[in-house]
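**Q** fold the following, please.
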Amino acid sequence: MSRAYTATIRPTSVSSASHAEDRATRSLLLCGIVGGPLFVVVGLVQAITIPGFDLTHHYLSQLSSGDLGWIQMANFVVGGLLTIAAAIGVRRALGGGTLGRVAPTLLAIFGVGFAAAGVFVADPALGFPPGTPDAIPTSQSWHSMMHGVAAIVSFVFLVGACFAVGYPWGGVFLFVAAGVGLAWITALCVRLARWLS
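**A** Below is the predicted model of the structure:
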């Protein structure tokens, strides 16, 4: 094979490899695009259709208990795995450097915690599933405690990833999250003030 022929095919093979890598990265990022909305939609459909569940009274995690609990368990696990795949895509897209290492690592830890929240099931409480006492249990099972720890830790890492990247929607995410949290405090205080009057 002549040097001229080798020189002409090398850029094509490099370009093909680069194109394949770009496609793989886009596929991984698609996992992140689909993961969040899929989790929310599956959770909302269950919240609306499963008898005895009231989103204003129960936590979404409680859907993991009961006869159809496997759906929410799978929802957590799939959401976590899709986030881990997305973290790999983010790492590939950002390349090297501190940002390219820190943000994807934090996202991956969030994904692991999210998946773990599906493996460790929350205890029945607050009247769900139907027939459960309408109160928070005085003691929790080990798997319910692990569920709570996994959920809390995972969201701490999600906020960390948001700070690490900062763009394009990091500030908006934090603003919305803070707004929702502050709105909850306002609603709580209004309700308690009415209860006292």
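**Q** can you give me the helices in this structure?
**A** Assigned by DSSP state H, the chain shows helices spanning 3-49, 69-94, 97-119, 142-165, 170-196.
**Q** now those helices in CSV, with mean neighbour count?
**A** Just so you know, the C-beta spots here come from the backbone N, C-alpha and C atoms, and that holds for glycine as well. Shown next, in CSV, are these (neighbours: other Cβ atoms under 10 Å):
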stretch, mean neighbour count
helix 3-49, 13
helix 69-94, 20
helix 97-119, 20
helix 142-165, 17
helix 170-196, 10
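**Q** export those helices to CSV and tack on distance to Tyr59?
**A** Listed next are the helices of the chain as CSV, based on distance: least, Cβ to Cβ, whole Å:
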stretch, distance to Tyr59
helix 3-49, 10
helix 69-94, 11
helix 97-119, 11
helix 142-165, 9
helix 170-196, 14
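**Q** can you say which of those is nearest to Leu60?
**A** Nearest to Leu60 among the helices of the chain is helix 3-49 (5.1 Å), distances taken as Cβ to Cβ.
**Q** avg pLDDT for that closest one?
**A** Helix 3-49 carries an average pLDDT of 76.
**Q** same question for stretch 91-102.
**A** 83.
**Q** and for stretch 134-145?
**A** Mean predicted confidence for stretch 134-145 is 88.
**Q** now the terminal residues of that stretch, how far apart.
**A** 19 Å (Cα to Cα, to the nearest Å).
**Q** tell me the gap between it and the middle of its chain.
**A** 23 Å (Cα atoms, centre = their mean, to the nearest Å).
**Q** next one: stretch 104-119
**A** That offset, for stretch 104-119, works out to 7 Å (Cα atoms, centre = their mean).
**Q** what does that stretch contact?
**A** With contact meaning Cβ atoms under 8 Å, 6 or more residues apart in numbering, stretch 104-119 is reached by 61, 64, 72-77, 79-84, 86-88, 90-91, 94, 146-147, 150-151, 153-155, 157-158, 160-161, 164.
**Q** and for stretch 72-84?
**A** 31-32, 34-36, 38-39, 42-43, 46, 60-61, 63-64, 107-108, 110-119, 121, 154.
**Q** kindly report the same for stretch 155-173.
**A** Residues contacting stretch 155-173 (Cβ under 8 Å, 6+ apart): 99, 102-103, 106-107, 109-110, 113, 174, 177.
**Q** with that, I have no additional questions.
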